[in-house]
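J.: let me see the structure of the following:
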Amino acid sequence: MPSTNHREERLRRAAERAIAGFPAVPRWKRRVLARFLVESRRGWRTYAHKDFPATPPGRADVLLIGPQGVLAVAVRDAEPELDETRTALRAAADVFLGLRVAAGTVSEAVVRPVVVLPEGREMSKRSIGHHLTVSESVLGRLLERGERRLTKRDAESLAAHLAASTDFVELTPREESDAEPADGAELFDLSELARDRFDAALDGPFESWLTFLDDSQSAMVRRDYSGPARISGPAGTGKSVVALHRLVHLGRRSTGPLLFTTYARNLPPIQQRLFRRLAPELAERAEFSTLHSWASRLLRDRGRNRSVPQGAVLSCFYRAWGKIGKDGRLSELNPRPDYWRDEIDRVIKGRGLRDPQEYQAVQRTGRGMRVDRGGDRDLVWRLYAQYEEYLREKGLHDFNDLLAEAYAELEHRPLDQPPAAVVVDEVQDITLTGLRLLRSMAGDGPNRLLLVGDGQQQIYAGGWRLSDAGIPIRGRGEVLRNNYRNASRILDWAKRFDASNQVDDLDGAAGFSLREAVATLRGGEVVPWRGPPDEHEQAVVCALRGLGDVAPDDIAVLTFGKSEAKRWRAVLRTAGIAVADLEEHVGERDGKVKVGTVVRAKGLEFRAVFVPELPAGDNGDDRLRDQHERGERAQLVALTRARDTLWIGFPKTVSET
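T.: Modelled structure (predicted):
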């Protein structure tokens, strides 16, 4: 039926003339080619393989270049085998990958594989493997929608590169001699000429910004590593975004399961949501889970349920502290029982130490206070042994037991189908035992394990080197240096609070600190508030209400403890502001301001961040040095969550008022 849109009808007729030179193409495939040519009005260029429809196996029939990227299209009577589409994707990507344009190296993420089937032909529910499968009737919707991935300059470079190819021929609608010039002579509409991909991401929905990948980062996404690899860099340099795109990249080049894991429990569902936006065709293959949840599922699948009732576990520790530490030498060294609980969790059990001799010899990296070898460490081991005895009496396991048992299980019996790729975010907060589990799970094969983190943002006690876990990364370590998250004024403020303790690259070498990072975004706003305590709450409420152009979902109020977070949620609710607990946030937009602790904000970012009050500074007590250093790192994490606006409260003390 002829189109009632005169422009489209004219293009349709011009398209039919353009494909008249393909007499051997079946009628329905001619309709598909015509549909592609009609879409030149939206900025798409069409390149058909010179042998189409007898295109060689493992090659795309058609390549389309447009604002949404490159589509590598297979026009088939039946859905092809997975190996063929994987080969076709790789061949299509190889045409463009590594091409240099004004903005840098073109990202592999712009190339997307599509299979087009005739109307009525049976297809998979959503997709198979790497490619999206659609019917002839929905081509228009496929080409109308999608995230903008190419600037005009980038697309022109790709088109010029493809024009030199001997395998593909550009098809353009052929106008009649007395007709107007063909629409779509320009690759993009004029309104798009002045916008590059960075500005488009910045100006678009904040969710789109969260997956923005700069061309300068794309080499890390596409690089082939001969074994485990590491990406480090200070806050805001795009480590998590690179990790997410890397998982997409590896997923499209493999067939096995994919795993994204981390320590923080609210980060996996948020990253899973973003992953589905990037690669819906891979969603069913990808698992997003904390490492503890993954270990628990492994053990459950092998017949051993291991729940961790945290309240009962803590009770066992405090019983042991009351018996061994509270009124003795350990209390003199440090009266904070949490310090000694961390010593057990992060040093003894977190490192998998098996006897007192190993503990006597271990370097207690990142623990601040010195604990002398000999009698003091003997006492710590006695505290640990008493804690273990109480756990056994109750039949309990703690989180370290979960990881250790899963590691032992994999060493005894490896996975039947190991993940094709494992990406670990915020790796600096995972224990050494957790790292060993990851290595056992992923192995040392090429492109199997990617570890992403920043030692400067570690807010849990203890430290290690990747080599301690037997994870070799020499020659496979990358460092990100450009800050993409924080506007320049916010970054400058965060640098004032730069954590003072030494920064390493997660394997013992000197790292790259926030003070050395360069802002990509200009401007931003920092509001340091100083006033009497009785005006503090109202100041936060008024400032929040003043952000009229920022959606509540893109605002966070961050504190340094759960009790403070609970208090501020109550304050804002009383003021009529809709709030949600950041602890429960999984990435869904619910129209509420997120309020929670810095721990739950790790790996996240917001357009506006409120830090109602910074913790008190160091009082000079060496016993609290580790706590002070962790506090500095937590402050750094809080301030660097903001992209456009940062509000910091400095309520005056009683003496100042």
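
J.: would residue 226 count as being in a helix?
T.: No: counting by DSSP: H, G, I helix; E, B strand; the rest coil, residue 226 is not found in a helix; it is coil.

J.: count the neighbours of it for me.
T.: 12 (other CB atoms under 10 Å). Just so you know, the C-beta spots here come from the backbone N, C-alpha and C atoms, and that holds for glycine as well.

J.: surely it meets residue 449?
T.: No: Residue 226 is beyond contact range of residue 449, at 11.7 Å (criterion: CB atoms under 8 Å).

J.: what about the strands in the stretch 501-650 of the chain?
T.: If DSSP state E, counting those that start in this stretch is used as the criterion, the strands of the stretch 501-650 of the chain fall at 518-519, 525-531, 555-559, 579-581, 593-597, 606-611, 642-651.

J.: adding mean pLDDT and distance to residue 212, write those strands out as a markdown table.
T.: Putting these into a markdown table (pLDDT from 0 to 100; distance: least, CB to CB, whole Å) gives the following:
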| stretch | mean pLDDT | distance to residue 212 |
| --- | --- | --- |
| strand 518-519 | 82 | 15 |
| strand 525-531 | 93 | 21 |
| strand 555-559 | 96 | 19 |
| strand 579-581 | 95 | 25 |
| strand 593-597 | 95 | 21 |
| strand 606-611 | 95 | 14 |
| strand 642-651 | 93 | 11 |
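
J.: out of those, which comes closest to residue 69?
T.: Closest of the strands of the stretch 501-650 of the chain to residue 69 is strand 642-651, at 24.7 Å (criterion: CB to CB).

J.: partner strands of that closest one, with direction?
T.: The strands beside strand 642-651 in its sheet (DSSP bridges) come out as strand 525-531 (parallel), strand 606-611 (parallel).

J.: for residue 331, find the nearest of those strands.
T.: Taking CB to CB as the criterion, strand 606-611 is the member of these that comes nearest to residue 331, at 33.3 Å.

J.: return the most buried member of the strands paired with strand 642-651.
T.: strand 606-611 (a mean of 24; mean count of other CB atoms under 10 Å).

J.: secondary structure class for residue 292?
T.: Recorded secondary structure, residue 292: helix (three-state DSSP).

J.: numbering from 46 from now on, please.
T.: Right, with 46 as the first residue, what we last looked at is residue 337.

J.: show me what contacts it?
T.: Applying CB atoms under 8 Å, 6 or more residues apart in numbering to residue 337 gives the contacts 353, 444, 447, 448.

J.: need the max-distance pair from these.
T.: The most widely separated members of these, counting by CB to CB, are 353 and 448 (10.8 Å).

J.: the more surrounded of the two?
T.: Shown here are residue 353 and residue 448; by other CB under 10 Å, residue 448 has more neighbours (27 against 15).

J.: checking the more buried one next. Helix, strand or coil?
T.: Look at residue 448: counting by three-state DSSP, its state is helix.

J.: OK, contacts around it?
T.: 336, 337, 340, 476, 478, 479, 482.

J.: after the worst-scoring helix or strand of the chain on mean pLDDT, which helix or strand is next?
T.: Every helix and strand in the chain was compared by mean pLDDT, DSSP states H and E; the lowest is strand 172-173, with a mean of 44. Note on strand 172-173: by DSSP states H and E, the next helix or strand toward the C-terminus is strand 176-180.

J.: closest one to residue 202 among the strands of the stretch 546-695 of the chain?
T.: Among the strands of the stretch 546-695 of the chain, strand 563-564 sits nearest to residue 202 (CB to CB), with 25.7 Å.

J.: contacting residues for the closest residue to residue 490 other than its chain neighbours?
T.: Excluding the flanking residues, the one nearest residue 490 by CB to CB, 6 or more residues apart in numbering is residue 272, at 7.2 Å. Applying CB under 8 Å, 6+ apart to residue 272 gives the contacts 489, 490, 491, 493, 494, 517, 518, 521.

J.: would you mind telling me which of the strands of the stretch 546-695 of the chain is nearest residue 395?
T.: Residue 395 lies closest to strand 638-642 among the strands of the stretch 546-695 of the chain, at 21.4 Å (CB to CB).

J.: relative orientation of the closest one and strand 651-656 in degrees?
T.: 50 degrees (axes from the mean of the first three to the mean of the last three CA atoms, to 10 degrees).

J.: for strand 638-642, which helices and strands make contact with it?
T.: strand 600-604, helix 607-619, strand 624-626 (3 or more CB pairs under 8 Å, 6 or more residues apart in numbering; DSSP states H and E).

J.: sec struct for residue 285, please.
T.: Following three-state DSSP, residue 285 is assigned to helix.

J.: mind checking how far it is from residue 626?
T.: Distance of residue 285 to residue 626, computed by CB to CB, to the nearest Å: 22 Å.

J.: which one of these two is surrounded by more residues?
T.: For the pair residue 285 and residue 626, the greater number of neighbours falls to residue 285 (27 against 17), based on other CB under 10 Å.

J.: before we move on, back to that, can I get the strands of the stretch 546-695 of the chain in JSON lines including distance to residue 289?
T.: JSON lines is the format used below for the strands of the stretch 546-695 of the chain (distance: least, CB to CB, whole Å):
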{"stretch": "strand 563-564", "distance to residue 289": "22"}
{"stretch": "strand 570-576", "distance to residue 289": "28"}
{"stretch": "strand 600-604", "distance to residue 289": "20"}
{"stretch": "strand 624-626", "distance to residue 289": "23"}
{"stretch": "strand 638-642", "distance to residue 289": "20"}
{"stretch": "strand 651-656", "distance to residue 289": "18"}
{"stretch": "strand 687-696", "distance to residue 289": "17"}
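
J.: any chance you could list what contacts the top helix by length along the chain?
T.: Using DSSP state H, we find that the single longest helix of the chain is helix 420-439. With contacts defined as CB under 8 Å, 6+ apart, helix 420-439 is touched by 357-358, 361-362, 364-366, 368-370, 373-375, 378, 385, 388-389, 393-394, 401, 404-405, 416, 442-443, 446.

J.: let's see it at 7 Å
T.: 357, 361-362, 364-366, 368-370, 374-375, 378, 385, 388-389, 393, 401, 404-405, 416, 443 (CB atoms under 7 Å, 6 or more residues apart in numbering).
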